[in-house]
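> Predicted structure and sequence below. I'll ask about it afterward.
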Amino acid sequence: MAILLQIKSACKGYGEQILLDEADASISDNVKVGFIGRNGAGKSTLLRILLGEEELDNGEVIRHPNLRLGYLRQHDPFVKGETAMDFLQRESGQPSWKCGEVAGQFELKGVYLDGPIAELSGGWQTRVKLASLLLMEPNLLLLDEPTNFLDLRTQILLEHFLVNYKAACLIVSHDRTFLGATCDHTLDLSMGKLTAFPGKVDAYLEFLQEKKMHEERSNQAVLAKMKHLEEFIAKNKARASTATLAKSKEKQLGRLELTKIESAQPVARIRPPRITPRKGPALRCKNLSIGYPDRTIASDVNIEIDHGMRFAIVGDNGQGKTTFLRTLVDSLKPITGEVRWGHGCTVGVYAQHVYTSLPEKQTVLEYLYQNAAKGKKDQDILEVAGSFLFRGMHVKKPVSVLSGGERARLCLAGLMLSDLNILILDEPGNHLDVDTVESLADALTNYEGTVIFTSHDRHFTKTVATSIIEVRDSRVTIYSGQYDNYLYKVNKEIEAGERELASQKAKIPQAVAKPAKTEVAAPKNVDRDPAKEIKLVEKNIAQLDAQKRSINTQLPKVTDIEELDRLEKELISVTERLSAAEDLWSQLNDEIQEL
């Protein structure tokens, strides 16, 4: 297995901020790696270094001679008036049949492929850029937060593609669901160090928790032994008969060391607004049509939302989710019909334009004082500021110097200090790290008011939503099932589309579909029987899995330091072998399907 990229003794910093401190890592071909870390840890900086856009202060990046990097660009590289097909052919140099084949995997067909690209929504344009990137056939894809602003269907389409993509990937994402579906390895950047783990992100986080518990138990055992030795020395060092033994124990005590446990980084602890719960209808939409003077987005909208409900608005990009939200908060007037809020409803809004238009000259504390409910005490405001990681001198920072993530946290902090009983949130998780999103989800589930929100984060939506509103095909309706049912439905629709695409591809004459290869394929080993091999691999996987479970069962019971170290090393070894066995099973399964 060739190493495509190797990072050796990498150092990078800006002033006093150290992002990389003698960091080491490598990425091999055909391995998909989920790259995680807190906001500001340096993930995007490292990507820019790998792309050659920035340089290390010290250390080196070694690139394989055959490395072909592919990077999803954030800007729009389109030419005025061109279609998606024009763009794909211009960017990749591939023939139309090949462009259509890859575009079809992202449901780009008909007017989406042959119509003006400028008329597509941002989500569809992202699909075009992804198709273009993949047409260039890189052997290492670098994706920086690829799910941001992608609708659910596009996320799942991208997942399906990446799972079957026969090349290496390095994917930066806060979306654990997406990483879990696409990546079998994990790379963590924390406190300047890179840690590689041969498993999925959830397994890595579980491993970290187990490691921390192991270190704490080890330290407890060492402290107990230290205490025992100190007591023995104190009792025996003055006696001539035991002084030599006491001196020996002193040397033994001097060799004992506590394991240094990295101090936990601060995590946002969000508390919801304190309100008086209300009963009855909070919102009624009656015979509502939404859209713009020249275009109706949806019509005949008749829905009712009760107080205390948490509704997730779902649907593909461009279907009208944001238009519907804007109509609810009266920033866009209805074409016909009415939006009626219940008596005593007070509405708070979180949207992208809100945190990009904060008063630049105000400090964090001034903004929070301005948005806090009447009667809020100074201590309450400071506590909420601290729960959103604005502590000490950070509360005196002017808005003008805050990052996107800090501005998002500040807006949410202002809402949490209010006494609003309706919260309307448009993609509240964007620009927030995983821990903050988790804390926000917990706060909203404990909120006694009404929540109406959009989010492309499946874990967040599943945690928060009690009901679903679907915007699709010019309709806005309450979806009868739970969010899991909706995910299942979307997956089935995508799978049906993929089967149809495969069927159409099979009908294309091979002479047209793909140029004939002149090279002669190497003869396959006729003595091999993949069906027999896969049974042996399955037996090996079962044994390794049982071994891993046994080690995990033993770890909490062991107090001896050396035994704990041995078990920890054995767990890492078994995990690596299990991952390799699962990869081999996948390869053999592909061979069997081919046969």
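Alright, I've got the coordinates.
> In space, what's closest to the residue most central in space within the chain - neighbours in sequence excluded?
For the chain, the residue sitting closest to the mean C-alpha position, by CA atoms, centre = their mean, is Asp175 at 1.7 Å. Nearest non-adjacent residue to Asp175, counting by CB to CB, 6 or more residues apart in numbering: Thr147, 4.8 Å away. For glycine as for every other residue, the C-beta is placed from the backbone atoms N, C-alpha and C.
> Got the confidence number for the residue nearest to the centre of the chain?
Confidence at Asp175, expressed as pLDDT, is 83.
> List the backbone torsions phi and psi for it.
phi -90, psi 100 (degrees, to the nearest 10).
> before we move on, what about Arg271?
phi -110, psi 140.
> ok, then the element right after the helix or strand of the chain with the lowest mean pLDDT?
Between all helices and strands in the chain, the lowest mean by mean pLDDT, DSSP states H and E belongs to helix 510-513, at a mean of 44. Note on helix 510-513: by DSSP states H and E, the next helix or strand toward the C-terminus is helix 530-554.
> Give the buried residues for that following helix.
The neighbour-count check on helix 530-554 (16 or more other CB atoms under 10 Å) flags 530, 533-534, 537, 540-541, 544, 547-548, 551 as buried.
> Determine the set of other helices and strands touching the helix or strand encompassing Leu205.
Under the criterion of DSSP H and E, Leu205 resides in helix 201-236. Applying 3 or more CB pairs under 8 Å, 6 or more residues apart in numbering; DSSP states H and E, one finds that helix 201-236 contacts strand 32-36, helix 176-182, strand 185-190, strand 193-197, helix 243-255, helix 561-594.
> rerun at 7 Å
Packing partners of helix 201-236 (3 or more CB pairs under 7 Å, 6 or more residues apart in numbering; DSSP states H and E): helix 176-182, strand 185-190, helix 243-255, helix 561-594.
> What mean pLDDT does the last one get?
Averaging pLDDT along helix 561-594 gives 70.
> Number of residues surrounding the closest residue to Ala373 other than its chain neighbours?
The spatially closest residue to Ala373, leaving aside those adjacent along the chain, is Asp419, at 4.0 Å (CB to CB, 6+ apart). Neighbour count for Asp419, taken as other CB atoms under 10 Å: 16.
> Now do the contacts for Asp419.
273, 275, 373 (CB atoms under 7 Å, 6 or more residues apart in numbering).
> didn't the second one look like it was pressed against Glu448?
Yes: under the contact definition of CB atoms under 7 Å, Ile275 touches Glu448, with a separation of 5.8 Å.
> which one of the contacts of Asp419 is nearest Ile381?
Closest to Ile381 out of those is Ala373 (10.1 Å), distances taken as CB to CB.
> Make sure I have this right: the closest one is in a strand.
No: looking at Ala373 with DSSP: H, G, I helix; E, B strand; the rest coil, it is coil, so not inside a strand.
> Turn the helices and strands packed on helix 201-236 into CSV, including mean neighbour count.
Formatted as CSV, these follow (neighbours: other CB atoms under 10 Å):
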stretch, mean neighbour count
helix 176-182, 21
strand 185-190, 21
helix 243-255, 12
helix 561-594, 15
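> Among those, which comes closest to Ser218?
helix 561-594 (5.4 Å).
> Start and end of stretch 66-85, how far apart?
29 Å (CA to CA, to the nearest Å).
> My error: substitute stretch 7-22 in the last question.
Note: stretch 7-22 ends 10 Å apart using CA to CA.
> Give me the neighbour count for Leu420.
20.
> Now do the same contact list for Thr323.
290-291, 297, 332.
> let's go with 6 Å and repeat that
290, 297 (CB atoms under 6 Å, 6 or more residues apart in numbering).
> Likewise for the one 10 residues further on?
Applying CB under 6 Å, 6+ apart, we find Lys333 in contact with no residue.
> and it, what pLDDT?
Value for Lys333, per-residue pLDDT: 93.
> Lys193 and Leu19: what is the separation?
Lys193 sits 11 Å away from Leu19, going by CB to CB, to the nearest Å.
> Tell me which of the two has more neighbours.
Shown here are Lys193 and Leu19; by other CB under 10 Å, Leu19 has more neighbours (23 against 14).
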